[in-house]
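In: Turn this into a model:
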Amino acid sequence: MRRLWQHGLYTGFLLAAAAGWTSCSTSANAQGPTAPTRPITTANSTAGGAPVQAPGAQQAIDPAGEEIQGIIERAATLYDANERVKAIAVLEQGLAKYPNDPDLVTFHAEWLHLDAVEALEAKEIDKAMAIYAKVFATLQKFPKDVTPTLEEKQLFQEIYYNVATAFSEKGDKARCLAYLKQSIVFGFDDDAYLAEDKDMAILLGTPELDTILRGIQVTKVQNVLEAIDQFESFPFDFNTTDVNGRPMSLKDYRGKLLVVDIWATWCIPCRAEIPHFVDLMRKYGNTGFDVVGFNFENEEGPKDPEALATVRKFLADQKVPYRCSLISNEVRAQIPGDVQSLPTTLFIDQTGKVRLVLVGSHPKYILEAVTAKLMAK
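Out: Okay, the predicted model is just below:
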(Lines give C-alpha, C1' and ligand atoms only; values in the text may rest on other atoms or scores of the structure.)
Protein backbone atom coordinates (compact mmCIF):
# COMPACT_ATOMS: atom_id res chain seq x y z
CA MET A 1 0.00 0.00 0.00
CA ARG A 2 1.39 3.42 -0.97
CA ARG A 3 1.66 6.03 1.73
CA LEU A 4 -1.12 8.60 1.78
CA TRP A 5 -0.97 11.81 3.69
CA GLN A 6 -2.42 11.23 7.14
CA HIS A 7 -3.40 14.86 7.68
CA GLY A 8 -4.48 16.18 4.28
CA LEU A 9 -5.27 19.87 3.85
CA TYR A 10 -8.65 19.14 2.34
CA THR A 11 -9.05 15.41 1.94
CA GLY A 12 -8.51 14.57 5.61
CA PHE A 13 -7.05 11.32 6.91
CA LEU A 14 -7.26 9.41 3.63
CA LEU A 15 -6.41 5.77 4.19
CA ALA A 16 -4.63 6.66 7.42
CA ALA A 17 -5.30 3.22 8.81
CA ALA A 18 -3.58 1.63 5.83
CA ALA A 19 -0.61 3.94 6.29
CA GLY A 20 -0.41 3.03 9.97
CA TRP A 21 -2.20 5.03 12.66
CA THR A 22 -0.05 6.07 15.59
CA SER A 23 -2.80 7.57 17.75
CA CYS A 24 -6.56 7.66 18.29
CA SER A 25 -8.73 10.67 19.06
CA THR A 26 -10.50 10.70 22.43
CA SER A 27 -13.44 12.59 20.91
CA ALA A 28 -16.78 10.98 21.59
CA ASN A 29 -17.48 11.04 17.87
CA ALA A 30 -14.14 9.84 16.59
CA GLN A 31 -12.01 6.80 17.25
CA GLY A 32 -9.37 7.56 14.66
CA PRO A 33 -6.78 10.25 13.90
CA THR A 34 -7.85 13.86 13.53
CA ALA A 35 -7.07 15.89 10.41
CA PRO A 36 -5.97 19.48 11.10
CA THR A 37 -6.12 22.01 8.28
CA ARG A 38 -3.81 24.82 7.22
CA PRO A 39 -5.33 28.32 7.46
CA ILE A 40 -6.13 29.98 4.15
CA THR A 41 -3.69 32.86 3.84
CA THR A 42 -3.34 36.05 1.88
CA ALA A 43 -1.34 36.22 -1.33
CA ASN A 44 1.42 38.08 0.52
CA SER A 45 1.61 35.65 3.42
CA THR A 46 4.92 34.88 5.14
CA ALA A 47 6.02 31.94 7.29
CA GLY A 48 2.66 30.44 7.98
CA GLY A 49 0.76 33.54 6.95
CA ALA A 50 -2.17 35.34 8.52
CA PRO A 51 -5.51 33.57 8.35
CA VAL A 52 -8.21 35.19 6.28
CA GLN A 53 -10.68 36.76 8.73
CA ALA A 54 -14.08 35.18 9.10
CA PRO A 55 -17.11 37.15 7.85
CA GLY A 56 -18.03 39.81 10.40
CA ALA A 57 -14.52 40.10 11.83
CA GLN A 58 -13.25 43.58 12.57
CA GLN A 59 -10.21 43.38 10.31
CA ALA A 60 -10.98 43.70 6.58
CA ILE A 61 -10.16 40.75 4.35
CA ASP A 62 -7.33 41.36 1.92
CA PRO A 63 -8.92 41.28 -1.58
CA ALA A 64 -6.28 38.89 -2.90
CA GLY A 65 -6.69 36.60 0.08
CA GLU A 66 -10.47 36.66 -0.32
CA GLU A 67 -10.15 35.73 -4.00
CA ILE A 68 -7.75 32.87 -3.20
CA GLN A 69 -10.13 31.56 -0.57
CA GLY A 70 -12.94 31.64 -3.12
CA ILE A 71 -10.83 29.75 -5.65
CA ILE A 72 -10.09 26.99 -3.15
CA GLU A 73 -13.72 26.77 -2.07
CA ARG A 74 -14.89 26.42 -5.70
CA ALA A 75 -12.27 23.76 -6.33
CA ALA A 76 -13.29 21.93 -3.16
CA THR A 77 -16.93 21.91 -4.22
CA LEU A 78 -15.98 20.32 -7.53
CA TYR A 79 -13.71 17.83 -5.79
CA ASP A 80 -16.58 16.81 -3.49
CA ALA A 81 -18.68 16.18 -6.58
CA ASN A 82 -15.97 13.87 -7.98
CA GLU A 83 -15.13 16.46 -10.63
CA ARG A 84 -11.42 16.11 -9.93
CA VAL A 85 -10.20 17.28 -13.33
CA LYS A 86 -12.32 20.42 -13.12
CA ALA A 87 -11.24 21.00 -9.52
CA ILE A 88 -7.56 20.85 -10.46
CA ALA A 89 -8.24 23.13 -13.44
CA VAL A 90 -9.75 25.75 -11.10
CA LEU A 91 -6.62 25.63 -8.94
CA GLU A 92 -4.45 25.98 -12.04
CA GLN A 93 -6.38 29.08 -13.06
CA GLY A 94 -5.73 30.47 -9.59
CA LEU A 95 -2.05 29.64 -9.84
CA ALA A 96 -1.86 31.50 -13.15
CA LYS A 97 -2.82 34.65 -11.27
CA TYR A 98 -1.17 33.89 -7.92
CA PRO A 99 1.69 31.53 -8.87
CA ASN A 100 3.46 31.65 -5.51
CA ASP A 101 0.55 31.40 -3.13
CA PRO A 102 1.48 28.57 -0.74
CA ASP A 103 -2.12 27.39 -0.28
CA LEU A 104 -2.86 27.11 -4.00
CA VAL A 105 0.49 25.44 -4.58
CA THR A 106 -0.06 22.88 -1.84
CA PHE A 107 -3.67 22.04 -2.69
CA HIS A 108 -2.73 21.58 -6.34
CA ALA A 109 0.22 19.37 -5.44
CA GLU A 110 -1.87 17.30 -3.03
CA TRP A 111 -4.65 16.53 -5.48
CA LEU A 112 -2.22 15.63 -8.25
CA HIS A 113 -0.40 13.46 -5.73
CA LEU A 114 -3.60 11.53 -5.04
CA ASP A 115 -4.01 10.90 -8.78
CA ALA A 116 -0.44 9.66 -8.89
CA VAL A 117 -1.04 7.30 -5.96
CA GLU A 118 -3.98 5.77 -7.82
CA ALA A 119 -1.74 5.20 -10.82
CA LEU A 120 0.93 3.60 -8.63
CA GLU A 121 -1.63 1.27 -7.06
CA ALA A 122 -2.70 0.26 -10.56
CA LYS A 123 0.96 -0.42 -11.45
CA GLU A 124 0.80 2.37 -14.05
CA ILE A 125 4.26 3.58 -13.12
CA ASP A 126 4.95 5.75 -16.17
CA LYS A 127 1.60 7.49 -15.75
CA ALA A 128 2.35 8.13 -12.08
CA MET A 129 5.78 9.54 -12.91
CA ALA A 130 4.24 11.88 -15.48
CA ILE A 131 1.84 13.17 -12.83
CA TYR A 132 4.65 13.58 -10.32
CA ALA A 133 6.54 15.66 -12.88
CA LYS A 134 3.61 18.09 -12.71
CA VAL A 135 3.65 17.91 -8.91
CA PHE A 136 7.31 18.91 -8.76
CA ALA A 137 6.71 21.71 -11.27
CA THR A 138 4.02 23.04 -8.93
CA LEU A 139 6.18 22.67 -5.81
CA GLN A 140 8.90 24.76 -7.48
CA LYS A 141 6.49 27.68 -7.03
CA PHE A 142 6.27 27.28 -3.26
CA PRO A 143 7.68 30.57 -1.90
CA LYS A 144 11.18 30.27 -0.48
CA ASP A 145 10.42 32.70 2.34
CA VAL A 146 7.49 30.65 3.66
CA THR A 147 8.18 27.92 6.19
CA PRO A 148 6.07 24.85 5.34
CA THR A 149 3.52 23.86 7.96
CA LEU A 150 3.63 20.43 9.57
CA GLU A 151 0.86 19.28 7.24
CA GLU A 152 2.72 20.55 4.19
CA LYS A 153 5.90 18.78 5.28
CA GLN A 154 3.87 15.57 5.64
CA LEU A 155 2.63 16.00 2.10
CA PHE A 156 6.12 16.68 0.74
CA GLN A 157 7.58 13.63 2.49
CA GLU A 158 4.82 11.43 1.07
CA ILE A 159 5.40 12.73 -2.44
CA TYR A 160 9.12 11.97 -2.30
CA TYR A 161 8.48 8.61 -0.62
CA ASN A 162 6.04 7.50 -3.29
CA VAL A 163 8.36 8.61 -6.09
CA ALA A 164 11.03 6.49 -4.40
CA THR A 165 8.69 3.49 -4.59
CA ALA A 166 8.14 4.21 -8.29
CA PHE A 167 11.88 4.10 -8.91
CA SER A 168 12.01 0.86 -6.94
CA GLU A 169 9.43 -0.57 -9.35
CA LYS A 170 11.55 0.61 -12.27
CA GLY A 171 14.67 -1.01 -10.82
CA ASP A 172 16.52 2.30 -10.29
CA LYS A 173 18.13 1.84 -6.90
CA ALA A 174 20.14 5.07 -6.94
CA ARG A 175 17.13 7.29 -7.59
CA CYS A 176 15.02 5.30 -5.17
CA LEU A 177 17.57 6.06 -2.44
CA ALA A 178 17.83 9.71 -3.45
CA TYR A 179 14.08 10.34 -3.23
CA LEU A 180 13.77 8.34 -0.01
CA LYS A 181 16.49 10.50 1.57
CA GLN A 182 14.66 13.63 0.47
CA SER A 183 11.51 12.28 2.13
CA ILE A 184 13.52 11.92 5.33
CA VAL A 185 14.67 15.54 5.00
CA PHE A 186 11.00 16.55 5.16
CA GLY A 187 10.46 14.45 8.28
CA PHE A 188 9.68 10.88 7.26
CA ASP A 189 10.76 8.70 10.18
CA ASP A 190 8.54 5.61 10.14
CA ASP A 191 11.35 3.09 10.26
CA ALA A 192 9.01 0.18 11.08
CA TYR A 193 6.92 0.85 7.98
CA LEU A 194 9.96 1.34 5.76
CA ALA A 195 11.65 -1.85 6.97
CA GLU A 196 8.75 -3.97 5.66
CA ASP A 197 7.46 -1.92 2.72
CA LYS A 198 7.28 -4.26 -0.26
CA ASP A 199 6.97 -1.23 -2.53
CA MET A 200 10.62 -0.58 -1.61
CA ALA A 201 11.60 -4.09 -2.68
CA ILE A 202 14.81 -2.94 -4.37
CA LEU A 203 16.10 -1.74 -0.97
CA LEU A 204 14.86 -4.44 1.38
CA GLY A 205 17.70 -6.35 2.99
CA THR A 206 20.40 -4.05 1.59
CA PRO A 207 23.19 -2.38 3.60
CA GLU A 208 21.98 0.99 2.31
CA LEU A 209 18.54 0.52 3.85
CA ASP A 210 20.03 -0.79 7.10
CA THR A 211 22.09 2.39 7.34
CA ILE A 212 19.03 4.57 6.71
CA LEU A 213 16.98 2.70 9.31
CA ARG A 214 19.72 3.02 11.93
CA GLY A 215 20.01 6.71 11.18
CA ILE A 216 16.27 7.25 11.64
CA GLN A 217 16.31 5.35 14.92
CA VAL A 218 19.33 7.18 16.29
CA THR A 219 17.76 10.53 15.46
CA LYS A 220 14.45 9.57 17.08
CA VAL A 221 16.20 8.41 20.25
CA GLN A 222 18.31 11.58 20.42
CA ASN A 223 15.22 13.73 20.01
CA VAL A 224 13.23 11.99 22.73
CA LEU A 225 16.14 12.05 25.19
CA GLU A 226 16.62 15.76 24.56
CA ALA A 227 12.90 16.22 25.16
CA ILE A 228 13.32 14.83 28.69
CA ASP A 229 15.83 17.56 29.54
CA GLN A 230 13.57 20.26 28.10
CA PHE A 231 10.29 18.96 29.51
CA GLU A 232 8.21 21.25 31.73
CA SER A 233 6.74 19.10 34.47
CA PHE A 234 3.32 19.51 36.07
CA PRO A 235 1.66 18.22 39.25
CA PHE A 236 0.15 14.78 38.89
CA ASP A 237 -1.36 12.42 41.43
CA PHE A 238 -3.96 9.69 41.63
CA ASN A 239 -5.80 7.84 44.37
CA THR A 240 -8.31 5.43 42.90
CA THR A 241 -9.16 1.75 42.60
CA ASP A 242 -8.06 -0.64 39.91
CA VAL A 243 -10.50 -2.63 37.75
CA ASN A 244 -10.57 -5.35 40.42
CA GLY A 245 -11.58 -2.91 43.16
CA ARG A 246 -8.21 -2.69 44.91
CA PRO A 247 -6.87 0.72 46.06
CA MET A 248 -4.25 2.21 43.73
CA SER A 249 -2.40 5.48 44.32
CA LEU A 250 0.76 7.20 43.16
CA LYS A 251 2.30 6.99 46.61
CA ASP A 252 2.31 3.19 46.27
CA TYR A 253 4.96 3.59 43.56
CA ARG A 254 7.18 6.15 45.25
CA GLY A 255 10.82 5.20 44.74
CA LYS A 256 10.11 3.57 41.38
CA LEU A 257 10.16 4.83 37.83
CA LEU A 258 6.49 4.61 36.88
CA VAL A 259 4.99 4.56 33.40
CA VAL A 260 1.35 5.65 33.25
CA ASP A 261 -0.24 4.34 30.06
CA ILE A 262 -3.55 6.01 29.11
CA TRP A 263 -5.19 3.71 26.59
CA ALA A 264 -8.39 2.04 25.37
CA THR A 265 -9.21 -1.45 24.17
CA TRP A 266 -10.72 -0.04 20.94
CA CYS A 267 -7.53 1.90 20.15
CA ILE A 268 -5.36 -0.09 17.71
CA PRO A 269 -2.12 1.84 18.46
CA CYS A 270 -2.74 1.35 22.18
CA ARG A 271 -3.04 -2.41 21.78
CA ALA A 272 0.12 -2.45 19.67
CA GLU A 273 2.09 -0.63 22.38
CA ILE A 274 1.03 -2.72 25.38
CA PRO A 275 3.41 -5.64 24.57
CA HIS A 276 6.29 -3.14 24.78
CA PHE A 277 5.30 -2.25 28.34
CA VAL A 278 5.01 -5.94 29.19
CA ASP A 279 8.55 -6.49 27.88
CA LEU A 280 9.84 -3.53 29.90
CA MET A 281 8.23 -4.97 33.01
CA ARG A 282 10.04 -8.25 32.41
CA LYS A 283 13.38 -6.48 31.96
CA TYR A 284 13.20 -3.76 34.60
CA GLY A 285 10.42 -4.89 36.95
CA ASN A 286 12.82 -6.14 39.62
CA THR A 287 14.98 -3.02 39.55
CA GLY A 288 12.55 -0.26 40.53
CA PHE A 289 10.27 0.01 37.50
CA ASP A 290 6.52 -0.38 37.15
CA VAL A 291 3.59 0.39 34.86
CA VAL A 292 -0.01 1.31 35.54
CA GLY A 293 -2.75 1.68 32.97
CA PHE A 294 -5.58 4.19 32.92
CA ASN A 295 -8.23 3.03 30.51
CA PHE A 296 -10.25 5.54 28.47
CA GLU A 297 -12.94 3.10 27.35
CA ASN A 298 -15.61 5.80 27.22
CA GLU A 299 -16.73 8.99 28.93
CA GLU A 300 -18.60 7.21 31.73
CA GLY A 301 -15.64 7.06 34.12
CA PRO A 302 -14.47 4.53 36.73
CA LYS A 303 -17.88 3.17 37.73
CA ASP A 304 -19.09 1.94 34.34
CA PRO A 305 -19.70 -1.83 34.80
CA GLU A 306 -19.58 -2.64 31.09
CA ALA A 307 -16.22 -0.90 30.67
CA LEU A 308 -14.86 -2.65 33.76
CA ALA A 309 -15.85 -6.03 32.37
CA THR A 310 -14.34 -5.23 28.96
CA VAL A 311 -11.03 -4.14 30.45
CA ARG A 312 -10.82 -7.08 32.87
CA LYS A 313 -11.32 -9.50 30.01
CA PHE A 314 -8.73 -7.76 27.84
CA LEU A 315 -6.13 -7.78 30.62
CA ALA A 316 -6.73 -11.46 31.29
CA ASP A 317 -6.69 -12.46 27.62
CA GLN A 318 -3.48 -10.53 26.96
CA LYS A 319 -1.85 -11.56 30.26
CA VAL A 320 -1.04 -7.96 31.15
CA PRO A 321 1.00 -8.11 34.38
CA TYR A 322 0.43 -4.59 35.67
CA ARG A 323 -2.58 -2.92 37.25
CA CYS A 324 -5.17 -0.84 35.43
CA SER A 325 -7.95 1.54 36.37
CA LEU A 326 -10.63 3.36 34.43
CA ILE A 327 -9.53 6.98 34.10
CA SER A 328 -11.50 9.64 35.97
CA ASN A 329 -12.11 13.26 35.06
CA GLU A 330 -9.93 14.23 38.03
CA VAL A 331 -6.95 12.35 36.61
CA ARG A 332 -7.53 13.66 33.08
CA ALA A 333 -7.78 17.26 34.28
CA GLN A 334 -4.25 17.16 35.69
CA ILE A 335 -2.73 16.65 32.23
CA PRO A 336 -2.20 19.96 30.41
CA GLY A 337 -4.70 20.19 27.57
CA ASP A 338 -6.52 17.06 28.81
CA VAL A 339 -6.07 13.73 27.02
CA GLN A 340 -6.66 14.45 23.33
CA SER A 341 -5.12 11.33 21.78
CA LEU A 342 -4.44 7.75 22.74
CA PRO A 343 -2.18 6.31 23.79
CA THR A 344 -0.77 9.01 26.04
CA THR A 345 2.17 7.91 28.18
CA LEU A 346 3.55 9.62 31.28
CA PHE A 347 6.97 8.82 32.74
CA ILE A 348 7.03 9.63 36.47
CA ASP A 349 10.36 9.44 38.27
CA GLN A 350 11.21 8.02 41.67
CA THR A 351 10.25 11.28 43.44
CA GLY A 352 6.81 11.48 41.81
CA LYS A 353 7.77 14.12 39.23
CA VAL A 354 6.43 13.84 35.67
CA ARG A 355 9.54 13.76 33.47
CA LEU A 356 8.03 13.22 30.01
CA VAL A 357 4.73 12.79 28.19
CA LEU A 358 4.59 10.89 24.90
CA VAL A 359 1.49 11.04 22.69
CA GLY A 360 0.82 8.26 20.20
CA SER A 361 2.24 4.78 19.89
CA HIS A 362 6.03 4.51 20.01
CA PRO A 363 8.40 1.67 19.13
CA LYS A 364 9.92 -0.34 21.92
CA TYR A 365 13.41 1.11 21.41
CA ILE A 366 12.07 4.62 22.14
CA LEU A 367 10.27 3.53 25.31
CA GLU A 368 13.31 1.59 26.46
CA ALA A 369 15.68 4.50 25.78
CA VAL A 370 13.55 6.78 27.96
CA THR A 371 13.26 4.11 30.64
CA ALA A 372 17.02 3.47 30.71
CA LYS A 373 17.82 7.17 31.02
CA LEU A 374 15.38 7.78 33.84
CA MET A 375 16.37 4.57 35.65
CA ALA A 376 19.96 5.77 35.63
CA LYS A 377 19.09 8.95 37.55
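In: residues of stretch 195-202 that come out buried?
Out: Judged by neighbour count using 16 or more other C-beta atoms under 10 Å, the buried positions of stretch 195-202 are 195, 197, 199-200, 202. Any C-beta I mention is one placed from the backbone N, CA and C, and that applies to glycine too.
In: now those as a markdown table including pLDDT and secondary structure?
Out: Listed next are the buried residues of stretch 195-202 as a markdown table, based on pLDDT from 0 to 100; DSSP: H, G, I helix; E, B strand; the rest coil:
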| residue | pLDDT | secondary structure |
| --- | --- | --- |
| A195 | 97 | helix |
| D197 | 96 | coil |
| D199 | 96 | helix |
| M200 | 97 | helix |
| I202 | 98 | coil |
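In: Am I right that I327 is in contact with F296?
Out: Yes - counting by C-beta atoms under 8 Å, I327 does reach F296; the two are 5.3 Å apart.
In: any residues in contact with both of those two?
Out: Contact criterion C-beta atoms under 8 Å, 6 or more residues apart in numbering; residues shared by I327 and F296: 262, 339.
In: Break down this structure into its strands, ranges please.
Out: Secondary structure of the chain (DSSP state E): strands located at 24-25, 239-241, 247-249, 257-263, 289-295, 323-326, 341-342, 344-348, 354-359.
In: Mind giving me the packing neighbours of the second one?
Out: By that I understand strand 239-241. Applying 3 or more C-beta pairs under 8 Å, 6 or more residues apart in numbering; DSSP states H and E, we find strand 239-241 packed against strand 247-249.
In: Just checking: what are the partner strands of the strand it packs on?
Out: Partners of strand 247-249 in the sheet, by DSSP bridges, are strand 239-241 (antiparallel).
In: what is the mean pLDDT for the partner strand?
Out: Strand 239-241 carries an average pLDDT of 95.
In: Pull the residues that contact it.
Out: So strand 239-241 is contacted by 247-251, 302, 325, 328, 331 (C-beta under 8 Å, 6+ apart).
In: can you list the residues you listed in JSON lines and add pLDDT, neighbour count and distance to K313?
Out: Formatted as JSON lines, the contacts of strand 239-241 follow (pLDDT from 0 to 100; neighbours: other C-beta atoms under 10 Å; distance: C-beta to C-beta, whole Å):
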{"residue": "P247", "pLDDT": "96", "neighbour count": "9", "distance to K313": "22"}
{"residue": "M248", "pLDDT": "96", "neighbour count": "19", "distance to K313": "19"}
{"residue": "S249", "pLDDT": "97", "neighbour count": "13", "distance to K313": "25"}
{"residue": "L250", "pLDDT": "97", "neighbour count": "16", "distance to K313": "26"}
{"residue": "K251", "pLDDT": "96", "neighbour count": "10", "distance to K313": "29"}
{"residue": "P302", "pLDDT": "76", "neighbour count": "19", "distance to K313": "17"}
{"residue": "S325", "pLDDT": "96", "neighbour count": "21", "distance to K313": "16"}
{"residue": "S328", "pLDDT": "93", "neighbour count": "14", "distance to K313": "21"}
{"residue": "V331", "pLDDT": "94", "neighbour count": "21", "distance to K313": "22"}
